[in-house]
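> Model the structure of this input:
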Amino acid sequence: MLQTERLRLIPQTMANLYSTHVYASDPENTRYMINLPNETIEDTMAFLQRAEREWFQPIPHFYEFAIMLGDTHIGAMSTSRKGEDGVFELGWILDRRYWGQGYAFEAATALVAFTRDELGAKRIIAHCDGENIRSSHLMEKLGMKEVGRTSDRNNVSSSKVSVELEYTLDL
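Residues are numbered from 1 along each chain as shown. Okay, here's the model as predicted:
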């Protein structure tokens, strides 16, 4: 568990099935996401089962945390090992009812520290849709620098191909 001033980040499990499905199935909440929205509760269940199993691996490939505001599950953050030694990728989603209140930055700051201090990360990367101003702003606020743009991002919720931004942070 990771603790911040207002939040707890705890392992994401099946206990959060319905609260995860609320934000993971919301088209507005997921419009910039590659693999979302989830169309069915079974889609959300399959993801959570995989995330929960990962916590029990000797060396997990990814760590999926539920973001808790008191007893309310408001989103998720993850860090995953990339092919290169010491490189991890961050990802996040926050229920849109909690946007604009600093929760994503607070949770991401704790996750960066965990990834660096506990997992030995040397570099952190993150990607977002070029139109996702909130995510690109969050990456910049974390001290990440834009290092690349590609024009081949395919989001599930859109038929158009969009620009993908890549950010990095050397630790």
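
> and the gap between the closest residue to R123 other than its chain neighbours and F56?
Closest residue in space to R123, ignoring its immediate chain neighbours: V87 at 4.9 Å, by CB to CB, 6 or more residues apart in numbering. No exception for glycine: its C-beta is placed from N, CA and C like everyone else's. Separation of V87 from F56 (CB to CB, to the nearest Å): 23 Å.

> Between the two, point out the one with more neighbours.
Taking neighbours as other CB atoms under 10 Å, V87 and F56 compare with V87 leading, 15 against 8.

> what sits against that one?
R81, A121, K122, R123, I124, I125 (CB atoms under 8 Å, 6 or more residues apart in numbering).

> And the pLDDT at it?
Reported pLDDT at V87 in the predicted model: 97.

> Equivalent analysis for the one 10 residues further on, please.
pLDDT, R97: 96.

> same check, this time on the one 10 residues further on
Turning to A107, the model gives it a pLDDT of 98.

> Now it: which helix or strand?
Counting by DSSP states H and E, the element that carries A107 is helix 103-117.

> Please apply the same query to E166.
Using DSSP H and E, the element containing E166 is strand 161-170.

> Give me the angle between the least confident helix or strand in the chain by mean pLDDT and strand 161-170.
The helix or strand of the chain with the poorest confidence is strand 145-154; it has a mean of 90 (mean pLDDT, DSSP states H and E). Orientation check (axes from the mean of the first three to the mean of the last three CA atoms, to 10 degrees): strand 145-154 against strand 161-170 gives 150 degrees.

> so who does the nearest residue to L94 once chain neighbours are set aside touch?
Spatially, and ignoring its direct neighbours in sequence, L94 is nearest to G75 (3.6 Å; CB to CB, 6+ apart). Going by CB under 8 Å, 6+ apart, G75 touches Y23, A66, I67, W92, I93, L94, D95, Y98, Y103, A104, A107.

> So the spatially most central residue of the chain versus D26, what's the distance?
Nearest to the geometric centre of the chain sits W92, at 1.9 Å (CA atoms, centre = their mean). W92 sits 15 Å away from D26, going by CB to CB.

> ok, now K145?
K145 is 31 Å from D26, by CB to CB.

> Of these two, give the one with the bigger neighbour count.
More neighbours surround D26 than the other of K145 and D26, with 17 against 11 (other CB under 10 Å).

> can I assume that one is in contact with L94?
No - applying CB atoms under 8 Å, one finds D26 not in contact with L94, separated by 11.2 Å.
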